[in-house]
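Visitor: Okay, sequence plus prediction incoming.
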Amino acid sequence: MSSATTTAAHPQYEGGPFAQLPFGRAGMWWFLSSEICVFGTFMGTYALMRIAAGGWDAERAHLNATIAIMNTIVLVTSSLTIVQAHAAAEAGDREGARRNLLITVLLGCLFLCFKTFEYSREISHGFVPWTSTFWSFYYTMTGLHGLHVIGGIIVNFILFLATYRASWDLVKHRVEYAGLYWHFVDVVWIFLFPLLYLA
Amino acid sequence: MQAGAHAEVHAGHHEPTSFWRKYIFSVDHKVIGKQYLTLGFAMAIIGGFTAFLIRWQLAWPETEAPILGLMQESGFFGPDQYNAFVTMHGTIMIFFVAMPILLGGFGNYFLPLMVGAPDMAFPRLNMMSFWTIFVASCILTASWFVPGGPAAGGWTSYPPLSADPNLSGVNWGGHLWLLAIIVEFASFLMGGVNFMVTTINMRAPGLSLWRLPLFVWMEITAAVLFMLSVGPIAAGGIMLLLDRTMGTGFFLPARGGDPLLFQHLFWFFGHPEVYVVLLPGFGMILEVLPVFSRKPVYGYKAIIYSTIAAGILSFVVWAHHMFVSGIDARLATPFSITTILISVPFAVMMFSMIATLWGASIRFATPMLFALSTLATFLVGGVTGIFLGSAAIDIYLHGTYYVVAHFHYTLFPSVFLGGFTGLYYWFPKMTGRMMNETLGKLHCLITTVSFNCVFIPLFFVGIAGHMRRIYNPLQYEFLKEIQPTHVFVTYAAIVLILAQSLLVINIVWSYFAGEVAGDNPWNANTLEWATSSPPPHINFETVPTVYRDPYDFSEPGAKQDWTPQWVPSVRGVS
């Protein structure tokens, strides 16, 4: 049902500017437009409260930018591999799609490992979510982003398993939609990194 | 590839035969629509009962309320419980009645039919959307039974009262309230994605955007408004939940936070939300007005442009809810201007509706009576809103019953009168049987009259200085002379609630014994009337082709005064 209707624009429907837009892609973009508003709100309120409060620089200095830079590299690399997975899937290269999806999943897990290490380091230094408003924002934003990373890893892993199925026509398109989501997760981090670690 | 996909769509659309797949975990948008309607009306019983208790307390303070005694030790309730009733009344009516009925129910059922689609774009997502809001409703209902009672911070849940359990005495109720709201938003996000993709990608051949029925335009505008405005309140809800549970300090001044921030986030969502529940109601009466006036809608494109303009403007008016919250006084003027500006597109819509009636030979069937009732009562709500939009007047009126009367005059018409319009209009399509006209007209008359008897006095009560959100008006000397008005209003509210039994009787009676309706009992033009009543599993035997605008009534040269969208030539109708 949904699996079938998401495959391609349906020839029997009215055209218009979006005629060839596959259902899944259209749906994913609408979903992401709403997600942008959620993260946009967090970033906006964080920026405004930080400007209003002033003096969060000292707390920010306790963050470990090195780990964050490594995490940025990991996530950006995983964005590359999911694009390669999509390209391989489009070309009908099942092996390539499988390999790149697996690498994407592993890189996502690596990101979470770094993040967990970072959290434990901060908590052991006594910086917990209720220490101050800065730390509240830090844990809420990175935590919500982390939940999105976990969601993306699960989706990518399911697609990785699906490449072993006999029929994988539908999987090809789903790699694209999962890729859109994974890019979004990546872009959110690209914004969070300078906002939290560098500013 | 595309031919293959085509085959798969139909292979996937075999009608399920087992009870569970057909009626409970169905992916058919029509079943899901009816599930939403059932949920909405069921929650309305709880919402209506809380309204009754609120009115009881205001008319006869601190006396024993009937029925409540059956559910707890006695019918007496204190200020804490009164706050809980007010909170739950608002929350249930907005989030669990208005949205499920208008968007989930009628939107789900009729949007695919009106665009000529076999189902929603993502049927399984659609099912998940319903079961998600079902879970949210269960969470909210469960919050009545936890220690400390349900949330009591108002439906707006302003911190610091809502942020610190020690302040309100409500612990688990507040957590569950936030959880229910966040889960409910996830549900409508799924629904909104479905509405958009269905409308954009699945329109029948020939059905261009400028030939869409206005109900579809209103539904998708509402879906876009919801999807783009829900982010801030979702973020705000998460922060508030963390404030309550983790001890963070986003909204608590004592911990370095800012309570006004939540009000900004809430109303940035809250004002578009008002239009999310208003526009579908408008859409339904805009379907009904031309059909029973036998005239095309006046200013079809003007209405659509106005809808979009109102949607855009609704994102820049939110601080008019906060004129007395302590925002910077310099913000009052710009937000007054945008607020009063937003009355322009709504005036365009209202005048278009009235102009549709002009010179028509109107058929006063029940749906039309409800549509006219909606139009008239909403007009009162809209006009009184202009006063509140002006910061200078708002400062006097904001904390009074004037605001209560105003927003009930906007939401009751769109949700209930509009919802009844849609129900009486589409019931033949949904069940294949007509509703009883006599009972329907009686229902319309009593509902309209008693509603006005409830809320017109409250305008005057508000102007007289009666504060909102007080438990016992008799504690104030200057309010004592207003008390007889409260008693009258409560009697009217009881009539209003009891009158709804007429609807229940009508639905049950008509479902089994109503006159059998044909495919198109109202002689209407839009695509939902092209199929049988009730529609078959995939809606249309063959996908209809659309040749014309949705409201081609009384075409010159036509043999009959309606020309459906699926009819190629005016003279081709037999």
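Guide: Here it is on my side, so go on. This is a predicted model, so every value here is computed, not measured.
Visitor: Flag the shaky bits of chain A, pLDDT-wise.
Guide: Along chain A, the parts satisfying pLDDT under 70 run over A:1-20.
Visitor: And chain A, is whichever strand or helix holds B:Phe49 touching that?
Guide: Under the criterion of DSSP states H and E, B:Phe49 resides in helix B:29-59. No. Taking Cβ under 8 Å from any Cβ of the partner chain as the criterion, helix B:29-59 and chain A are apart, separated by no less than 11.3 Å. Where you see a C-beta, it was placed from the backbone N, CA and C, and this is true even at glycine.
Visitor: and the helix or strand following that helix, what's its mean pLDDT?
Guide: Toward the C-terminus, helix B:29-59 is succeeded by helix B:68-71 as the next helix or strand (DSSP H and E). For helix B:68-71, mean pLDDT rounds to 88.
Visitor: what does helix B:68-71 rub up against?
Guide: With contacts defined as Cβ atoms under 8 Å, 6 or more residues apart in numbering or on different chains, helix B:68-71 is touched by B:53, B:75, B:77.
Visitor: repeat for stretch B:256-267
Guide: Taking Cβ under 8 Å, 6+ apart as the rule, stretch B:256-267 contacts A:41, A:45, A:49, A:52-53, A:132-133, B:156-160, B:163, B:232-233, B:235-236, B:239-240, B:243, B:249-253, B:318-319, B:321-322, B:325-327.
Visitor: Please convert the buried members of those residues into ChimeraX selection syntax.
Guide: In ChimeraX, selecting the buried portion of the contacts of stretch B:256-267, with burial taken from 16 or more other Cβ atoms under 10 Å in any protein chain shown, looks like this:
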select /A:41,45,49,132,133 /B:157,158,159,160,163,232,233,235,236,239,240,243,249,250,251,252,318,319,321,322,327
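Visitor: among the contacts of stretch B:256-267, which are in helices?
Guide: A:41, A:45, A:49, A:52-53, A:133, B:232-233, B:235-236, B:239-240, B:243 (DSSP state H).
Visitor: For chain A, which segments count as helices?
Guide: Going by DSSP H, chain A shows helices at A:2-5, A:23-53, A:57-60, A:65-90, A:94-124, A:133-162, A:169-193.
Visitor: closest one to chain B among those helices?
Guide: helix A:23-53 (2.4 Å; Cβ to the nearest Cβ).
Visitor: re earlier: would you mind giving the ones in helices among the contacts of stretch B:256-267 as a markdown table with distance to B:Leu498 added?
Guide: Shown next, in a markdown table, are the ones in helices among the contacts of stretch B:256-267 (distance: Cβ to Cβ, whole Å):
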| residue | distance to B:Leu498 |
| --- | --- |
| A:Thr41 | 43 |
| A:Thr45 | 46 |
| A:Met49 | 50 |
| A:Ala52 | 52 |
| A:Ala53 | 54 |
| A:Thr133 | 51 |
| B:Pro232 | 40 |
| B:Ile233 | 35 |
| B:Ala235 | 42 |
| B:Gly236 | 38 |
| B:Met239 | 42 |
| B:Leu240 | 38 |
| B:Asp243 | 42 |
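Visitor: Widest-spaced pair of the residues you listed?
Guide: The span of those, defined through Cβ to Cβ, is set by A:Ala53 and B:Ile233 at 22.9 Å.
Visitor: residues contacting B:Leu279?
Guide: B:Leu279 touches B:218-219, B:221-222, B:225, B:307, B:311, counting by Cβ under 8 Å, 6+ apart.
Visitor: what is the orientation angle of whichever strand or helix holds it with helix A:23-53?
Guide: Taking DSSP H and E as the definition, B:Leu279 sits inside helix B:259-293. Relative orientation of helix B:259-293 versus helix A:23-53 (axes from the mean of the first three to the mean of the last three Cα atoms, to 10 degrees): 140 degrees.
Visitor: any idea which helix or strand comes after helix B:259-293?
Guide: That would be, after helix B:259-293 and using DSSP H and E, helix B:300-313.
Visitor: Please identify the buried residues of that following helix?
Guide: So, applying 16+ other Cβ under 10 Å, buried residues of helix B:300-313: B:300, B:302-304, B:306-307, B:309-311, B:313.
Visitor: what about it and chain A, any contact?
Guide: No. Helix B:300-313 does not reach chain A (Cβ under 8 Å from any Cβ); its nearest approach is 14.4 Å.
Visitor: Quick one: list the elements packing against the helix or strand just after that helix.
Guide: Proceeding N to C from helix B:300-313, the next assigned helix or strand is helix B:332-341, under DSSP H and E. On a contact count with 3 or more Cβ pairs under 8 Å, 6 or more residues apart in numbering or on different chains; DSSP states H and E, helix B:332-341 meets helix B:366-389, helix B:391-397.
Visitor: Off-centre distance for the first one?
Guide: Taking the mean of its C-alpha atoms, helix B:366-389 sits 14 Å from the chain's own mean (Cα atoms, centre = their mean, to the nearest Å).
Visitor: wait, what's in contact with the residue of the stretch 201-350 of chain B found nearest chain A?
Guide: As assessed by Cβ to the nearest Cβ, chain A sits closest to B:Gly231 within the stretch 201-350 of chain B, at 2.4 Å. By Cβ under 8 Å, 6+ apart, B:Gly231 lies in contact with A:34-41, B:269.
Visitor: Columns distance to B:Leu279 on top of these, output as TSV?
Guide: As requested, the contacts of B:Gly231 are arranged in TSV below (distance: Cβ to Cβ, whole Å):
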residue	distance to B:Leu279
A:Ser34	18
A:Glu35	23
A:Ile36	23
A:Cys37	19
A:Val38	23
A:Phe39	27
A:Gly40	24
A:Thr41	23
B:Phe269	16
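Visitor: Run a quick neighbour tally on the residue lying closest to A:Val175 once chain neighbours are set aside.
Guide: Nearest residue to A:Val175 in three dimensions, chain neighbours excluded: A:Ala89, at 4.5 Å (Cβ to Cβ, 6 or more residues apart in numbering or on different chains). If you count neighbours by other Cβ atoms under 10 Å in any protein chain shown, A:Ala89 ends up with 25.
Visitor: got it, and B:His271?
Guide: For B:His271, using other Cβ under 10 Å, the count is 23.
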